[in-house]
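>>> Task: produce atomic coordinates for the following.
(one chain, ligands or ions: 1)
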Amino acid sequence: MRRKLAAGNWKMNGTAADLAEIAALIAANPAPTIDLLICPPATLIAQMVWSKKNHPLAVGGQDCHAKAAGAHTGDISAPMLAAAGASHVILGHSERRTDHGETDAQVRAKAQAALAAGLPGVICMGETRAARAAGTTLDVVGRQLAGSTPDTATGATAVIAYEPVWAIGTGLVPTLEQIAEVHGFIRAELARRFGADAQAFRILYGGSVKPGNAAEIFAVADVDGALVGGASLKSADFSPIIAALSAS
Ligand code: PEP
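The predicted model follows:
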């Protein structure tokens, strides 16, 4: 049985003042029955870990370098994230792939570094609007899944996030049939590669998940949770999504 995961990606948003939202999130979800993860900017990881005290909320990074240390100005390594208290790291988000030209090979190397540091990677993939229109969604997702996921990944050490690029931050959402098709495809590809352990991988959906659409998305087969951007910034938005996932 896979444990559900509600993950929030704060992107480049948040300063210490926003830790009040974590206090509100904890107050609204004192004893969660699913896994909760917030990935704030790296500047907030240690403070967030400290401020949540013993609450099971996990805190993660949004990216890491493939190397553990060295002359890479501005970068952060997986062991550094772990030392700051992070327990997960988002990798290969479409904004990293677009803004920084990250390739599948680079994402895989980062995921390997995260594994070595004991941080499960939330490995992101998804088609562009053009690929969806061209009917190549499964080709794109299959290529990204194969290229970005390390051979040593397991259901315990990696999470897959299907995030159509055209749905991120746009308010657009695929149909439930489209989500089911891609999640089923990912599960089948994982089974081809990892055998029975494929059943242990959590596959998150991401892209404009909101309180109003969460329940129907979470009812789709092979949707094990969500990676949420905008609606994770405020407890008032994220808590109803957590409630919908808990009830699914
Ligand atoms: C994301 O950043 O991964 C994301 C899904 O964003 P949003 O929920 O705002 O579409």
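
>>> doesn't residue 88 make contact with residue 37?
Yes: judged on CB atoms under 8 Å, residue 37 makes contact with residue 88 at a distance of 5.6 Å. (Each C-beta comes from the backbone N, C-alpha and C, glycine too.)

>>> Which neighbours do the two have in common?
Counting by CB atoms under 8 Å, 6 or more residues apart in numbering, the common neighbours of residue 37 and residue 88 are 7, 58, 60, 122.

>>> List the buried residues in stretch 8-24.
Residues of stretch 8-24 classed as buried: 8, 9, 10, 11, 14, 18, 19, 21, 22 (neighbour count, 16 or more other CB atoms under 10 Å).

>>> Filtering the residues you listed by proximity to the ligand, which remain?
Among the buried residues of stretch 8-24, the residues within reach of the ligand (CB under 6 Å from any ligand atom) are 9, 11.

>>> Looking at the buried residues of stretch 8-24, which are in strands?
Per DSSP state E, strands hold the following members of those: 8, 9.

>>> And the strands in the chain, which stretches?
5-9, 35-39, 58-61, 88-91, 121-125, 158-162, 202-206, 225-228.

>>> Next one: residue 26 relative to the ligand, how far apart?
If you measure residue 26 against the ligand using CB to the nearest ligand atom, to the nearest Å, the figure is 21 Å.

>>> ok, how many other residues are close to that residue?
18 (other CB atoms under 10 Å).

>>> number of nearby residues for residue 235?
19.

>>> Now do it against residue 99, distance only.
28 Å (CB to CB, to the nearest Å).
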